[in-house]
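Novice: Structure of the sequence below:
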Amino acid sequence: MNISTFAEATESTVAKPFSFAGLWEDIVTFFTTKYWNIILFFLILIVGIILIKSFAAILRRIFNRGKMEKIAQSFILKVVKFTLYLVLILILLSVMGVQISGIITALSAAVLAIGMALKDNIANLASGIIVVSGKMISKGDFISVDGKEGTVFDINFLFTTINTPDNKKIHIPNGKLTANPLTNYGANGSRRVDFTFSVAYETDVEQVKSIVLSVMESCDKVATTPAPFCRLKVLNSSSLDFFANCWCKSADYWDVYYFVMENVFNEFKKHGISIPFAQSEVRIRTDEVAMPVNNLTLKRTAPEFAIESEKEKDEFEFIKKASEKTRKKVNERKKKKAAVIETTEATNNE
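Specialist: You can find the predicted model right below:
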């Protein structure tokens with residue numbers, strides 16, 4: 001092998017720098033030099049598309065058997081299909097003789113730049129994967145997070161949409177769902193409804209317990225097991241505080257709560273049970289208030305004196321001397337300025 005042949009072989013093995021102009025030239029050369037190249041290209045393309053679709057269909061069946069969330073299935077399938085199609089494109093470019101190392105470098109740089117620009121969205125995406133894969137919430141659950149409450153309307157990998165009780169839609173970034181405490185009131189099929197009732201001290205304890213229990217048991221939406229509960233909890237400063245609770249379906253929580261509160265109040269009124277409330281007592285004084293007065297005259301009895309340190313005296317003398325020097329300099333400058341003005345005027349008159 002001579003030197004020129006060796007140099008050509010070496011240049012052919014060295015990766016060329018990536019450029020779109022060079023890419024287009026390689027593609028044109030591939031399709032114009034040999035016609036069987038076109039057949040090979042489309043054969044690989046068709047077979048690749050068939051394999052990708054078949055693999056996606058198999059993967060979808062596996063997900064359906066595993067009862068995975070629909071949104072998780074959709075996301076994973078999109079990522080897998082995108083990756084496989086990208087691999088297919090790189091294979092086709094390699095078959096056409098294009099140096100794909102430059103393309104991979106350019107794609108890596110683009111991915112890095114996009115990742116830096118969309119870092120918040122990428123964080124939300126990662127949180128969305130955690131939320132969906134961990135089944136933290138589902139559509140229809142009533143949740144509370146970061147001071148926002150509502151029913152889950154939609155879940156995607158960037159935002160979760162909830163409907164508030166007053167029919168407002170709020171889009172919450174998924175990052176907040178994982179970074180803040182999340183309360184899911186609809187995660188379980190049943191919930192406990194808690195109450196606190198305050199009555200006056202003269203009230204019969206057993207009578208209050210009987211009234212509260214009878215009201216809760218009369219509600220059709222209250223579960224019989226566990227049974228409703230009511231006991232005296234706190235001897236407060238001005239009231240007896242009773243704690244009560246009952247169980248119901250999560251969807252019936254507010255219906256049960258309002259039913260019990262309203263009917264317990266009515267039953268208390270029927271039986272003459274008073275509910276203590278904050279009261280203020282105002283009294284008007286009619287007697288005259290005797291104010292003792294001492295008629296002593298305030299007068300200084302000790303001789304006057306001043307507290308002055310030697311340091312303070314020295315500072316005062318220094319400031320005084322500095323002021324005198326400054327005053328003398330200012331007067332001298334004024335005299336010199338006046339003398340110059342007089343000389344100038346005399347010269348002008350001559």
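Novice: What segments of the stretch 51-200 of the chain are strands?
Specialist: With DSSP state E, counting those that start in this stretch as the criterion, the stretch 51-200 of the chain has strands at 142-145, 148-155, 159-163, 169-173, 182-184, 190-199.
Novice: which other helices and strands contact the shortest one?
Specialist: The elements that strand 182-184 packs onto, with contact taken as 3 or more C-beta pairs under 8 Å, 6 or more residues apart in numbering; DSSP states H and E, are strand 142-145. C-beta coordinates here come from the backbone N, C-alpha and C atoms, glycine included.
Novice: Centre of the chain to the strand it packs on, how far?
Specialist: Its chain's C-alpha centre and that of strand 142-145 lie 14 Å apart, by C-alpha atoms, centre = their mean, to the nearest Å.
Novice: do stretch 286-306 as well
Specialist: Computed by C-alpha atoms, centre = their mean, the chain-centroid distance of stretch 286-306 equals 64 Å.
Novice: Stretch 120-132 too?
Specialist: On C-alpha atoms, centre = their mean, the centre of stretch 120-132 falls 13 Å from that of its chain.
Novice: The strands of the stretch 51-200 of the chain: which one's closest to residue 76?
Specialist: Among the strands of the stretch 51-200 of the chain, the nearest to residue 76 by C-beta to C-beta is strand 148-155 (14.9 Å).
Novice: neighbours around the residue nearest to residue 130 when sequence neighbours are not counted, how many?
Specialist: Closest residue to residue 130 apart from its sequence neighbours, by C-beta to C-beta, 6 or more residues apart in numbering: residue 178 at 5.7 Å. Neighbour count of residue 178, defined by other C-beta atoms under 10 Å: 18.
Novice: Tell me the pLDDT of residue 178.
Specialist: For residue 178, the pLDDT comes out at 86.
Novice: I'd say it and residue 125 touch.
Specialist: No. Assessed by C-beta atoms under 8 Å, residue 178 is found out of contact with residue 125, at 11.6 Å.
Novice: For the residue nearest to residue 130, which residues are in contact?
Specialist: Residues in contact with residue 178 (C-beta atoms under 8 Å, 6 or more residues apart in numbering) are 127, 130-131.
Novice: so how far is residue 121 from residue 81?
Specialist: 21 Å (C-beta to C-beta, to the nearest Å).
Novice: who wins for neighbours among the contacts of residue 178?
Specialist: So for the contacts of residue 178 (other C-beta under 10 Å), the most neighbours sit at residue 131, 22 neighbours.
Novice: Next, give phi and psi for residue 229.
Specialist: Backbone dihedrals for residue 229, given as degrees, to the nearest 10, come out at phi -130, psi 140.
Novice: Thought residue 247 was touching it, still the case?
Specialist: No. Contact criterion C-beta under 8 Å: residue 229 and residue 247 do not qualify, at 9.4 Å.
Novice: And the pLDDT at residue 197?
Specialist: Per-residue pLDDT puts residue 197 at 95.
Novice: Sorry, slip of the keys, the one I care about is residue 251.
Specialist: pLDDT, read off for residue 251, is 87.
Novice: Confirm it sits in a helix?
Specialist: Yes. The assignment for residue 251 is a helix, going by DSSP: H, G, I helix; E, B strand; the rest coil.
Novice: Kindly tell me how buried it is, as a neighbour count.
Specialist: Residue 251: 14 neighbours (other C-beta under 10 Å).
Novice: what about the residue nearest to residue 130, distance to residue 123?
Specialist: Counting by C-beta to C-beta, the gap from residue 178 to residue 123 is 9 Å.
Novice: Of residue 81 and residue 121, give the one with the bigger neighbour count.
Specialist: Per other C-beta under 10 Å, whichever of residue 81 and residue 121 has more neighbours is residue 121, with 18 against 15.
Novice: How about the contacts made by the nearest residue to that one once chain neighbours are set aside?
Specialist: Distance criterion C-beta to C-beta, 6+ apart; nearest residue to residue 121, sequence neighbours excluded, is residue 158 at 6.1 Å. By C-beta under 8 Å, 6+ apart, residue 158 lies in contact with 121, 124-125, 128, 173-174.
Novice: Let me know the closest of these to residue 38.
Specialist: Of all the contacts of residue 158, residue 125 has the smallest distance to residue 38: 40.0 Å, by C-beta to C-beta.
Novice: Spit out the contact partners of the closest one.
Specialist: When contacts are counted by C-beta under 8 Å, 6+ apart, residue 125 is found next to 157-158, 174.
Novice: what would those look like in CSV with pLDDT and distance to residue 282?
Specialist: Shown next, in CSV, are the contacts of residue 125 (pLDDT from 0 to 100; distance: C-beta to C-beta, whole Å):
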residue, pLDDT, distance to residue 282
157, 76, 63
158, 82, 60
174, 87, 57
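Novice: What about the residues you listed, which are in helices?
Specialist: residue 174 (DSSP state H).
Novice: Make JSON lines out of the contacts of residue 125 and add distance to residue 66.
Specialist: Shown next, in JSON lines, are the contacts of residue 125 (distance: C-beta to C-beta, whole Å):
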{"residue": "157", "distance to residue 66": "19"}
{"residue": "158", "distance to residue 66": "24"}
{"residue": "174", "distance to residue 66": "22"}
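Novice: Name the single longest helix found in this structure.
Specialist: Per DSSP H, the chain has its longest helix at helix 310-349.
Novice: What's the mean pLDDT across it?
Specialist: Throughout helix 310-349, pLDDT has a mean value of 72.
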